[in-house]
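K.L.:
How does the following fold in three dimensions:
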Amino acid sequence: MDTCSLRKLCCGLYLYFLYQPCRTFRRPNPSRHYCCGCRMILLLEATRRALGPPLMVVAAVFLLYTFGGPHMPDVIAHKGASLNKAMSHLWLTTEGVFGVALGVSTSFVFLFVLFGAMLERAGAGAYFIKVAFSLLGHMRGGPAKAAVVASGLSGLVSGSSIANVVTTGTFTIPLMKRVGFPGTKAGAVEVAASTNGQLTPPIMGAAAFLMVEYVGISYVEVIKAALLPALISYIALLYIVHLEACKAGMSGLPRRYKPTMAQSLLSFTGTILGLVVISAAVYYGIGWTKGVFGAAATPMIAIVVLIAYVALVRYSASYQDHIMEDPEQELTEVPEPGPTVKSGLYFLLPIVVLVWCLTVERFSPGLSAFWATIFMIFILLTQRPLLALFNKEKTLPDAAMEGVHDLLESLVSGARNMIGIGVATAAAGTVVGVVTLTGIGLVMTDFVEFISGGNIIMMLIFTAIISLILGMGLPTTANYIVVSTLMAPVIVTLGAQNGLIIPLIAVHLFVFYFGILADDTPPVGLAAFAAAAIAKSDPIRTGIQGFTYDIRTAILPFMFVFNTQLLMMNIDSWWHLLLTVLSAVIAMLTFSAATQGWWFTKTKWWEVAALLIITFSLFRPGFWWDMVYPPKHEMPGTLIVDATDKLAIGEPIELQVSGENLEGRIITKHVRLPFDESAVNPDDRIASTGLMLRQEGDKMLVDMIEFGSPAEAAGIDFDWEITKVSLPAVRPMKEWVFVPTLLLLVALGWNQRRRARLTQMSTAA
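P.N.:
Presented below is the predicted three-dimensional model:
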């Protein structure tokens, strides 16, 4: 062990053995805060070594701000902090380094990282890549489409955009170049696909698990909110690749045989429908066994899973020649879909176990990852011996030793992959601690309000730019922690003051998206650099091209902030869900055609403008509908009881309140308070929100706030006035905007097809 590592170990042991004296001893103790200072310096050095200078510089700047507060410009000045106070706050409390971020990363993020490393070592990554090529490789621009799908499937394993590039890109980029993609575009497609891989549930990187703690919702709700944006973004990227292939007249890889249309449909839809049927059988099968067998259902289900695993390994053993052990080996033709899919079906079982634990059992993320990892350990130890037993190609002792070696290598790989995440969350915890110690979060509210002039769009653009700039050098997790800590409360607060109630999960996903997009944003897009190295192309040009592909993803956060239906919120029926999904997919495809300058043929400037208007109308139909039909019916605050009586069970009440905050400023904001569903009469429903009211003349005032109530969480204080109550207006559904919008889209499509035919006829002549 070198001297530096020994110092770090001693500093860590100091806190472990002397935590109780440090926690209870209140007198100034020079040795304590000097030791904390040494630990802080070592943390900065570890950050520099593991992640490079950018995050270290950000943490150091915030530390300097802590001590130099009185000397800062007036707009961000504060009274400062002593070394003892700062180090105690950052190291001996849960507000700094050892806060939520590091706690989440050590409690269950590591288990997910380890799970992904084991799945990759078992061969799942190579399996997913070859499955994608077997299904899509023969299409026009097929290798690029397969790269998109392979990166999405790999995102289930890695949860990292850069990891996706270096694993799938080594295989997909050369194939894309071989069918006609320039090196810049081949690398850009892989970068765009890989950044989307980190947006794909159920494993979305460490930042997604931090949302659970910061937003205060379950991980199932995070998955639910992130699912539709990730889906439509991937569909749009496939379409972009198709348009690029059409423009260049590309073709796919050759196939060993040309199946009939019926065989193609059966091969593709049979695989999808098979997975759906299996998932449905598992869901409903396990559901009724719990009701019938109670606690005995769990061991019974475990036995069924083990039997299914052995059966699938036996079934897959005869197709092992279709497994691609080395992702870098050259692929000269499209693999047959059937045998390729069958060669590794058992790799789906660990993901099924993980998703089941998260979404059905409602286990915590840590416990879900634990059981999935335990199952992966079992697979790593038994996969090769079982295949050797069924294929009789190796002796069982040799195969068992290979399984042990795979397990040990996956443990080492998981630990190495976790170093960067652990250091990043610890360093970002320093920023969080400085924010809570100095109160800069309140200063940021005034600063952003001043810059944006209270305009929500300008505020979101400002937040996006901050995320992109910081994300150029910071890992996604650290970027998310820093920006969400500073900006998320600001956006929610200023949005409420301007009449827009923004769900907190929408703001956090907004920051998360732009933090990921920074991986391919020039001049320091780490994923773009990795792809350019594989494609042997210019990194800056690759990053610029990748960002043009990712513009489709960049508009999504702006859309779901204003239209929360894209986050699966405020959807009241299946047909409403179907309408939301279809309109969002069409909108994203339309936007892709507009940004690529090609649909059925090259688009003209007025067609691009029309496509952008159609995109906006499909994403935000309420923008136009609100001009015709007001969305709310407003009543005076004194009529809150009458308004409450008109609301349906489960429907929250929206209030406009005003009053004096802690800084002595009079503010006005909109809040939405949920009722207790057991409350029936209006008075009980109002009381369930935590509001105790009194009326003075023509004013309805808040007499008292119940501790821990929705009203307190919304920031309402006593003696505030309820100025208005908003009820949903009775009006036709806003989706009627889709009718003229789709008619315009059909007209544009007809005109494009007509021009495309004329171009073909003139070329042929």
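K.L.:
only C-alpha atoms for contact and neighbour calcs from this point on.
P.N.:
OK.
K.L.:
Measure how far whichever helix in the chain runs longest is from the centre of its chain, please.
P.N.:
In the chain, with assignment by DSSP state H, the single longest helix is helix 396-438. Helix 396-438 sits 20 Å away from the centroid of its parent chain (Cα atoms, centre = their mean, to the nearest Å).
K.L.:
average pLDDT for that helix?
P.N.:
Helix 396-438 carries an average pLDDT of 83.
K.L.:
Which other helices and strands does it contact?
P.N.:
Here helix 396-438 touches helix 30-51, helix 53-67, helix 83-91, helix 100-104, helix 110-122, helix 365-391, helix 476-497, going by 3 or more Cα pairs under 8 Å, 6 or more residues apart in numbering; DSSP states H and E.
K.L.:
Return the helix or strand in this protein with minimum mean pLDDT.
P.N.:
Lowest on mean pLDDT, DSSP states H and E among the helices and strands of the chain sits helix 261-293, with a mean of 50.
K.L.:
Tell me which residues touch Ile173, please.
P.N.:
If you count contacts by Cα atoms under 8 Å, 6 or more residues apart in numbering, Ile173 has them with Ala144, Gly183, Ala186, Gly187, Glu190, Ile534, Ala535.
K.L.:
May I ask which helix or strand encompasses the first one?
P.N.:
Right, Ala144. For Ala144, the element it lies in under DSSP states H and E is helix 142-155.
K.L.:
what sits up against stretch 756-765?
P.N.:
Counting by Cα under 8 Å, 6+ apart, Phe600, Thr601 sit against stretch 756-765.
K.L.:
Extract the CA atoms of that stretch and return them as CSV.
P.N.:
Only the C-alpha atoms of stretch 756-765 are listed here, as CSV (Å, rounded to 0.1, in the frame of the first residue of the first chain):
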residue,chain,number,x,y,z
ALA,A,756,-40.6,12.3,-54.7
ARG,A,757,-42.3,10.6,-57.6
LEU,A,758,-41.6,13.5,-60.0
THR,A,759,-37.9,13.4,-58.9
GLN,A,760,-37.7,9.7,-59.6
MET,A,761,-39.4,10.1,-63.0
SER,A,762,-37.0,12.9,-64.0
THR,A,763,-34.0,10.9,-62.8
ALA,A,764,-35.1,7.8,-64.8
ALA,A,765,-35.6,9.9,-67.9
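K.L.:
For Phe514, give its distance to Ala117.
P.N.:
26 Å (Cα to Cα, to the nearest Å).
K.L.:
mind listing the strands for the protein?
P.N.:
Using DSSP state E, the strands found in the chain span residues 632-636, 653-660, 666-673, 691-696, 699-705, 721-728.
K.L.:
I'd like those strands as TSV, with mean pLDDT appended.
P.N.:
Shown next, in TSV, are those (pLDDT from 0 to 100):
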stretch	mean pLDDT
strand 632-636	86
strand 653-660	87
strand 666-673	85
strand 691-696	87
strand 699-705	87
strand 721-728	88
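K.L.:
okay, those in TSV with distance to Leu83 and mean neighbour count next?
P.N.:
Putting the strands of the chain into TSV (distance: least, Cα to Cα, whole Å; neighbours: other Cα atoms under 10 Å) gives the following:
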stretch	distance to Leu83	mean neighbour count
strand 632-636	52	15
strand 653-660	34	21
strand 666-673	36	19
strand 691-696	43	16
strand 699-705	38	19
strand 721-728	43	21
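K.L.:
want to try JSON lines for those, with distance to Trp606 as columns?
P.N.:
Listed next are these as JSON lines, based on distance: least, Cα to Cα, whole Å:
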{"stretch": "strand 632-636", "distance to Trp606": "35"}
{"stretch": "strand 653-660", "distance to Trp606": "41"}
{"stretch": "strand 666-673", "distance to Trp606": "40"}
{"stretch": "strand 691-696", "distance to Trp606": "54"}
{"stretch": "strand 699-705", "distance to Trp606": "53"}
{"stretch": "strand 721-728", "distance to Trp606": "37"}
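K.L.:
right, and those - which one's nearest Leu210?
P.N.:
With Cα to Cα, the closest approach to Leu210 among the strands of the chain belongs to strand 666-673: 24.6 Å.
K.L.:
Now, the contacts of Ile173 that are in helices?
P.N.:
Using DSSP H, Ala144, Gly183, Ala186, Gly187, Glu190, Ile534, Ala535 are the members of the contacts of Ile173 that sit in helices.
K.L.:
ok, now how distant is the last one from Tyr346?
P.N.:
If I follow you right, that is Ala535. On the measure of Cα to Cα, Ala535 and Tyr346 end up 33 Å apart.
K.L.:
Compare neighbour counts for these two and give me the winner.
P.N.:
Remark: of Ala535 and Tyr346, Ala535 carries more neighbours, 26 against 21, as counted by other Cα atoms under 10 Å.
K.L.:
Apart from its neighbours in sequence, what residue is nearest that one?
P.N.:
The shortest distance from Ala535 to any non-neighbouring residue, by Cα to Cα, 6 or more residues apart in numbering, is to Gly183 (5.2 Å).
K.L.:
and what of Glu634?
P.N.:
Nearest to Glu634 is Ser726, by Cα to Cα, 6+ apart, at 4.5 Å.
K.L.:
any idea which residue sits dead centre in the chain?
P.N.:
The residue lying closest to the centre of the chain (Cα atoms, centre = their mean) is Leu199, at 4.0 Å.
K.L.:
residue contacts, the closest residue in space to it that isn't next to it in sequence?
P.N.:
Excluding the flanking residues, the one nearest Leu199 by Cα to Cα, 6+ apart is Ala230, at 5.8 Å. Going by Cα under 8 Å, 6+ apart, Ala230 touches Asn196, Leu199, Thr200, Pro201.
K.L.:
how far away is Ala230 from Thr476?
P.N.:
In this structure, Ala230 and Thr476 are 17 Å apart, going by Cα to Cα.
K.L.:
repeat for Ala415
P.N.:
For Ala415, the distance to Thr476 - Cα to Cα - is 19 Å.
K.L.:
Compare these two (neighbour count), which wins?
P.N.:
Neighbours were counted for Ala415 and for Thr476 using other Cα under 10 Å; Thr476 has more, 29 against 16.
K.L.:
wait, that one sits on Leu517?
P.N.:
No - using Cα atoms under 8 Å, Thr476 is not in contact with Leu517; the gap is 9.2 Å.
K.L.:
Would you check which pair of the contacts of Ile173 lies furthest apart?
P.N.:
The most distant members of the contacts of Ile173, if one measures by Cα to Cα, are Ala144 and Ile534, lying 14.8 Å apart.
K.L.:
Those two - which one has more neighbours?
P.N.:
Legend: neighbour count by other Cα under 10 Å for Ala144 and Ile534, higher for Ala144 (34 against 20).
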